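S.K.: any chance you can model this:
(one chain, ligands or ions: 2)
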Amino acid sequence: MNADVLHIAVGCLIDGYGRVLIARRPANKPGGGKWEFPGGKRERGESIEQTLARELDEELGVSLRATRPLLRFHHAYRDRTVLLDIHCVTAWTGEPHGREGQPVVWCEPDRLTDYDLLSANKPIVDALRLPDAYAITPEPGPDRAAFLARLPALIERGVRLLRLRAPGLADPVYEALAREVAAITGPAGVDLIVDREAALCRRVGAAGLHWPAGRLAAVASRPVPPDQWLIVSCHDRAELRQAQRCGADAAVLSPVRATPSHPDAGPLGWPGFAQAREDVALPVYALGGVGPGDLENAWRHGAQGVAGIRAFWPAPV
Ligand SMILES: Nc1nc2c([nH]c(=O)n2[C@H]2C[C@H](O)[C@@H](COP(=O)(O)OP(=O)(O)OP(=O)(O)O)O2)c(=O)[nH]1
Ligand SMILES: [Mg+2]
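M.R.: Ligands and ions are numbered 1, 2, ... in the order given. Coordinates of the predicted model:
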């Protein structure tokens, strides 16, 4: 690694209510007064896990018990470049407190945007707000009522992010169906992600827009406002980089494995997935022949989580 780059271990402590701990940086440090996730610089001879454990002991007085990787990316500040190596911390001993006198707050992920966080942290906030599964619908088929009747089972199974994918439907038919789906997912707290034109998202009350990387390349700027998700389908590193440049919030990278729906696409495999998403400052879901059983493996290869159709969609009753 370049010696001028500061390698930083960052820990996102997550409590039993799903809240995340943030701390206020002391006024005399770079970014003083801004909020951050606890952590600090790797010292010579340390592994990044050792740095994380040391920093969280020094800054919060806790001992780590369970961690997993969340995101890893470079960020260039005016006077320094950091490599942020961010981990979720889900178990620890000790009561976290600001051991260096810094204020600490437990915050719901959706409220993190209320705080003035360090400017590199936007992708971290997105990764904390997004769930670890992104379900995608199969083609709805002619029986719309039967299709809608399957949604409650999906919600019951804990799906919180759902893309309505229906390439076979004409635009007005898609829009009408999206309204009906939103009427079910919205009250259940599920974020519905729609395809097609950006304005449709607001019209139907969806939470965000899903576009292929190629479509995003054709517009000058991010097609939706900051309060709507923009998730982009990518197949390689160049598309992921481009999605990041165009202001996407998250991406889907496929295919990890060969699938019946895309038999001709060469699978990336997990090492190929990890390589393509490396240093992309976006949460990236793994798609293609994967399901909830692959989650731990997906995390180890740099994924936000898993996406899919078959693995999530309940079988017809
Ligand atoms: N801990 C932490 N650092 C972050 C975050 N986001 C972000 O850009 N950084 C940057 C800011 C700093 O340039 C660097 C962390 O360095 P630091 O000065 O806090 O390091 P440290 O805790 O070892 O502090 P010190 O002993 O040098 O005083 O990483 C974040 O969420 N948490
Ligand atoms: Mg620090």
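S.K.: so which bits of the protein are right by ligand 1?
M.R.: Applying CB under 6 Å from any ligand atom, we find that the chain lies next to ligand 1 at 6, 8, 10, 29-31, 36-41, 55, 75, 80, 82, 84, 118, 120-121. Backbone N, C-alpha and C define where each C-beta goes, glycine included.
S.K.: of the residues you listed, buried ones?
M.R.: Buried by 16 or more other CB atoms under 10 Å: 8, 10, 36-40, 55, 75, 82, 84, 118, 120-121, out of those.
S.K.: just the ones in helices from the residues of the chain next to ligand 1, please.
M.R.: Members of the residues of the chain next to ligand 1 lying in helices (criterion: DSSP state H): residue 55.
S.K.: residue of the stretch 1-150 of the chain nearest ligand 1, please.
M.R.: Nearest residue of the stretch 1-150 of the chain to ligand 1 (CB to the nearest ligand atom) works out as residue 40 at 2.4 Å.
S.K.: my read: that residue touches residue 55, true?
M.R.: Yes - with contact defined as CB atoms under 8 Å, residue 40 counts as touching residue 55 (4.2 Å).
S.K.: so what sits against both of these two?
M.R.: Common neighbours of residue 40 and residue 55, counting by CB atoms under 8 Å, 6 or more residues apart in numbering, are residue 9.
S.K.: which residues does the residue in the stretch 151-300 of the chain positioned nearest to ligand 1 contact?
M.R.: Of all residues in the stretch 151-300 of the chain, the one sitting closest to ligand 1 is residue 281 (11.1 Å; CB to the nearest ligand atom). Residues near residue 281 by CB under 8 Å, 6+ apart: 71, 73, 74, 75, 123, 244.
S.K.: relative to residue 21, how far out is the third one?
M.R.: To residue 21, residue 74 is 24 Å away according to CB to CB, to the nearest Å.
S.K.: please say which of these two ends up with more neighbours.
M.R.: residue 21 (21 against 15; other CB atoms under 10 Å).
S.K.: what about the nearest residue to the more buried one once chain neighbours are set aside, how many neighbours?
M.R.: Spatially, and ignoring its direct neighbours in sequence, residue 21 is nearest to residue 13 (4.2 Å; CB to CB, 6 or more residues apart in numbering). A count of neighbours around residue 13, defined by other CB under 10 Å, yields 24.
S.K.: need phi/psi at residue 13.
M.R.: Phi and psi for residue 13, reported as degrees, to the nearest 10, are phi -70, psi 130.
S.K.: just checking, it touches residue 62?
M.R.: Yes - contact criterion CB under 8 Å: residue 13 and residue 62 qualify, at 7.4 Å.
S.K.: what touches both of the two?
M.R.: In contact with both residue 13 and residue 62: 56, 92, 96, using CB under 8 Å, 6+ apart.
S.K.: and the residues you listed, which is closest to residue 221?
M.R.: Nearest to residue 221 among these: residue 56, at 38.5 Å, using CB to CB.
S.K.: that closest one against residue 64, yeah?
M.R.: Yes - Residue 56 is within contact range of residue 64, at 6.1 Å (criterion: CB under 8 Å).
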